[in-house]
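# Need coordinates for the following:
(chains A and B)
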There are 2 protein chains.
Amino acid sequence: MRAALMYGAGDVRVENVPAPTIQEPTDAIVRIVAGCICGSDLWPYASMPDTDEGARMGHEFVGVIEELGSEVTGMAIGDFVIAPFVASDGTCDFCQEGLQTSCRHGAHWGGQDDGGQGEFARVPQASGTLVVVPSGFDEELIPSLLSLSDVMSTGYHAAKKAHIEPGQTVAVIGDGAVGLSAVISARLMGASRIILMGRHRARTDLGREFGATDVVAERGQEGITRVRDLTGGDGTHVVLEAVGLKSAIEMAIGVVRDGGVISRVGAPQFSDVPLGSPEFMRNITLTGGVAPARAYIDELLPLVLDRSIDPGKVFDRTVGMDDVPAGYQAMADREALKVLVRP
Amino acid sequence: MRAALMYGAGDVRVENVPAPTIQEPTDAIVRIVAGCICGSDLWPYASMPDTDEGARMGHEFVGVIEELGSEVTGMAIGDFVIAPFVASDGTCDFCQEGLQTSCRHGAHWGGQDDGGQGEFARVPQASGTLVVVPSGFDEELIPSLLSLSDVMSTGYHAAKKAHIEPGQTVAVIGDGAVGLSAVISARLMGASRIILMGRHRARTDLGREFGATDVVAERGQEGITRVRDLTGGDGTHVVLEAVGLKSAIEMAIGVVRDGGVISRVGAPQFSDVPLGSPEFMRNITLTGGVAPARAYIDELLPLVLDRSIDPGKVFDRTVGMDDVPAGYQAMADREALKVLVRP
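The predicted structure follows:
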């Protein structure tokens, strides 16, 4: 089968690799109907050291079950399934608590294992990992279903960890696919005002469509001043940080209201956060982290199916396997917001 | 009247200062019945640069109302009152939300204003700040009533911000008065296991009396390993950090369970917290901050009056005004846990 591998910064290749087979009785084999390129894939695309082996890429996909291990329950061959970006057993204490990213038998896609940018994938812990989509859905919903694998669930994680209450003000930092999904999520949770901080017009326009009431293009101190001006000088109750750069965290600290919550879902490109005495005196909370997408799919799937939300709009380009490398470059160049892959 | 002033590190003097008078119609004058020295006073006691003027000290006290401004409501001359360690108007949005430390008309004790280590104090925003204790209480409750000014309320703030749920495991870092109050608080909120991290036997014994189920004297990696061993390798759901040193925060990160909460109430002696990628992948939350003691006194006062809790036991030494300097030294030398001042 064909799959994408990354060999170093800027070096993505599509190659023939062995088709997956059942290795454990808890495995499933899924034929991938749609995968995609993640904003987080751009970090290694920018900086990965050259390697000889290459790493399989992609951690978001939807597809059809081709084969099932003997111990997999709750699904059948031919079912259309969503694969969250981390595999989890669904039974351990962390999974029961909704923190499937810390599952005691969890697994990640890619590297030496199958990724989501390819024709097939072996799914470990299939019973706990995969979510079956009821049959009969409209094909045009596939992008939104795919978004539940990661970006929509990640934006929702940010909002849930912040415990947004109806009527609160929310700033969303970052107009990428996760930031835009965070806008949808803040709206779902009843935020009265959603200030999207981003500078790419097409993206912030989509953000407005998703529920952003204001857009702030400025960054740094200028951006902080703008958000404070919009909120009577106080800042917002909640900040959803969807970038992962230290400058974004610093901006979050600048725009959050006293007693407020910064919920971060941007993969951190830093090791320390300035949370010393000033932030202590202001009672600022930092929460968030990698999103247990599996925890949210049961809740979000009905909203996709009944078209209450349309997060699939974050995909603005579709490529086949041959064009996966070009898809990376388009996202790195900010020409594409998020690239969907139809193998 | 007599009051304590700090002129530099290790230099506390008791001097005659002008008695306070009503300056605003919202003021009250309180005759201090009991004040105390705070663990946080030890930071300037260790490092304050020499000054010519001196700073008035103390921010925790209980006493009797001597005089009231014309606009003060809800209290009368002769009432016994508790003064939280920050003054607040009680009416602004932050006060209404229970974040009196961010009050729009708040004020701090000490410095050029009256402190709690003296015979009298002018209390700004008296209606919002002071809490009247119903008359007829037993005098021996005074230490516990005084603890509501700061340490007990601060420990409770840590526990409340962590949203401890019944049955959760909690580690408390620091066996000072705030740490011990955090133990009481964790128990009040139903923690099933409370691991107190501290190395002063008399203090950790009091911690056991307050509800600690385990004591870990080790620090650093050794302490982390001990707590993990006690919790099946996972760490605790919640960590209440009551020290304020970076090493304590690092230990908190080491002992907290995936998905857990570190709630800090130790005044930070650092500017950055290591909350990068590893903590992101573990979904660690950092919350807490300076405690709005006023928010908790209404809830804790009945528990003191009916003797459900006895946080006043953290006071293990009582001095008169003359011996306030010796009281500082005793606390700095760890000979006294917390010193009560009877002016």
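
# State the helix or strand in which the residue nearest to residue A:281 when sequence neighbours are not counted lies.
When the adjacent residues along the chain are set aside, residue A:281 lies closest to residue B:290, with 5.2 Å between them (C-beta to C-beta, 6 or more residues apart in numbering or on different chains). Backbone N, C-alpha and C define where each C-beta goes, glycine included. Assigned by DSSP states H and E, residue B:290 belongs to neither a helix nor a strand.

# Surely residue B:290 is in contact with residue A:284?
No: in this structure residue B:290 lies outside contact range of residue A:284 using C-beta atoms under 8 Å: 10.9 Å.

# Give me the more crowded residue out of the two.
Shown here are residue B:290 and residue A:284; by other C-beta atoms under 10 Å in any protein chain shown, residue A:284 has more neighbours (24 against 20).

# pLDDT at the more buried one, what is it?
With respect to pLDDT, residue A:284 scores 98.

# Quick check: phi and psi on the nearest residue to it once chain neighbours are set aside?
Once flanking residues are discounted, residue A:284 sits nearest to residue A:256: 5.8 Å by C-beta to C-beta, 6+ apart. Main-chain dihedrals, residue A:256, degrees, to the nearest 10: phi -80, psi 140.

# For residue A:256, name its beta-bridge partners.
residue A:236 (DSSP bridges).

# Quick one: neighbours of it, just the number.
Neighbours of residue A:256 (other C-beta under 10 Å): 26.

# So residue A:133 sits against residue A:82, correct?
Yes: the criterion here is C-beta under 8 Å, and residue A:133 meets it with residue A:82 at 6.4 Å.

# Flag every residue of the stretch 151-300 of chain A that's near chain B.
Residues of the stretch 151-300 of chain A found near chain B (C-beta under 8 Å from any C-beta of the partner chain) are A:161, A:258-259, A:264, A:267-268, A:270-277, A:279-290, A:292.

# Give the ChimeraX command for selecting the buried subset of these.
Buried members of these can be picked out in ChimeraX with the line below, counting by 16 or more other C-beta atoms under 10 Å in any protein chain shown:
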select /A:161,258,259,264,267,268,270,273,275,276,279,280,282,283,284,285,286,287,288,289,290,292
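
# three-state assignment of residue A:180?
helix (DSSP: H, G, I helix; E, B strand; the rest coil).

# what sits against it?
A:155, A:196, A:203, A:206-207, A:210, A:311, A:314 (C-beta atoms under 8 Å, 6 or more residues apart in numbering or on different chains).

# Report the secondary structure state of residue A:132.
Per three-state DSSP, residue A:132 ends up strand.

# same question, residue A:142
helix.

# and if you look at residue A:158?
Quick answer, by three-state DSSP: residue A:158 is helix.

# isn't it right next to residue A:288, touching?
Yes: Residue A:158 lies in contact with residue A:288 (C-beta under 8 Å); the separation is 5.6 Å.

# on that earlier part again, which ones are touching the residue nearest to residue A:281?
So residue B:290 contacts A:280-281, A:283, B:86, B:101, B:265, B:267 (C-beta under 8 Å, 6+ apart).
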